[in-house]
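**Student:** Provide a 3D model corresponding to the input given below.
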Amino acid sequence: MTQIAIDGPASSGKSSVGVRVAASFGYGFLDTGLLYRAVTRAALDGGVLGATGALLEGTGTISAGDAEKLVQLAHLADVDLESGSATIVVDGRPFEASELEGGDVERAVAAIAAIPEVRAALRSVQRETAMRGGVVLAGRDIGTVVYPEALHKFFLDASAETRALRRAIQRGFAEGSEEHQEALRSLIARDREDRGRAVAPLRAADDALLIVTDSLTLDDVVDQIVQRVRSSSHVA
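**Tutor:** Residues are numbered from 1 along each chain as shown. I've put the predicted structure just below:
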């Protein structure tokens with residue numbers, strides 16, 4: 001069974017698209033960003049970041065001791081792909097996606113995801129999941145680093161302005177609201193971090209199909225991917 005890799009920046013629609021694409025083929029779906037968020041949530045709940053609380057204000061850095069604890073947590077992460085979706089487990093604790101959307105997670109996850117040893121540990125989890133086949137993986141480096149062998153690779157992109165508006169509306173905030181503006185500032189900062197990091201920077205794989213989604217609907221994007229996969233493989 002095949003693997004489908006969908007990469008792109010934050011709030012580019014990877015998860016929404018990935019869920020529908022997976023359903024079209026009866027595949028499992030893994031939003032790999034949830035692995036990093038689950039490790040972050042577990043660290044926050046366990047007091048691992050207690051010594052670097054300034055990180056949550058956007059001013060602190062992760063100490064060597066805390067980084068070591070984060071790596072240990074990452075090695076305890078796993079994915080359960082039952083029922084066509086995915087449950088993230090860290091140190092035996094399953095996490096619902098709704099638990100991973102808090103502002104404290106949002107502020108800390110980028111710094112945690114930038115730790116090379118954390119990325120290496122979670123990359124192994126993602127790769128093992130991909131090797132099972134019959135799965136759609138969405139992330140930022142699936143087609144370039146995690147599983148470059150994937151037969152079908154896609155890169156979704158859109159302007160930060162478009163993505164911020166989508167995020168604000170999804171969360172029930174009005175266009176032009178402070179929450180909308182904060183979403184835009186957050187995405188611009190996250191893009192800078194993701195594209196500029198030394199380890200596995202965000203970029204499209206050379207053989208990925210680039211889909212710019214600013215003027216496309218969710219259905220448009222899903223249809224493009226499904227048709228492309230069906231036309232280039234034996235997937236029914």
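**Student:** Quick one: low-confidence residue ranges for this structure.
**Tutor:** 1, 50-60, 82-84, 233-236 (pLDDT under 70).
**Student:** Please, where are all the strands along the protein?
**Tutor:** According to DSSP state E, the chain carries its strands in the segments 3-7, 28-31, 77-80, 87-90, 93-95, 135-139, 152-157, 209-212.
**Student:** for those, which one sits closest to Gln170?
**Tutor:** strand 28-31 (14.7 Å; C-beta to C-beta). Quick note: C-beta positions are derived from backbone N, CA and C, even for glycine.
**Student:** Spatially nearest residue to the spatially most central residue of the chain (excluding sequence neighbours)?
**Tutor:** By C-alpha atoms, centre = their mean, the mean C-alpha position of the chain lies nearest to Gly33, the distance being 2.7 Å. By the measure of C-beta to C-beta, 6 or more residues apart in numbering, the closest residue to Gly33 outside its immediate chain neighbours is Gly139, 6.1 Å from it.
**Student:** Might you report the residue contacts of the one you found?
**Tutor:** Ala5, Ile6, Asp7, Lys14, Asp31, Thr32, Gly33, Gln126, Val146 (C-beta atoms under 8 Å, 6 or more residues apart in numbering).
**Student:** can you check Asp7 too?
**Tutor:** Asp7 neighbours (C-beta under 8 Å, 6+ apart): 14, 138-144, 153-156, 202, 204-205, 208.
**Student:** domain assignment for this structure?
**Tutor:** The chain is divided into the following domains under automatic domain parsing: 1-27+133-228, 34-82+92-128.
**Student:** and Leu151, how many neighbours?
**Tutor:** Neighbour count of Leu151, defined by other C-beta atoms under 10 Å: 13.
**Student:** quick one: it and Gly133 touch, right?
**Tutor:** No. Look at Leu151 against Gly133 with C-beta atoms under 8 Å: they stay out of range, at 10.5 Å.
**Student:** Redo the strands of the chain as CSV? Include distance to Arg190.
**Tutor:** Shown next, in CSV, are the strands of the chain (distance: least, C-beta to C-beta, whole Å):
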stretch, distance to Arg190
strand 3-7, 14
strand 28-31, 15
strand 77-80, 21
strand 87-90, 20
strand 93-95, 21
strand 135-139, 14
strand 152-157, 14
strand 209-212, 19
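**Student:** Of these, which is nearest Ser231?
**Tutor:** Between the strands of the chain, strand 152-157 lies closest to Ser231; by C-beta to C-beta that is 10.6 Å.
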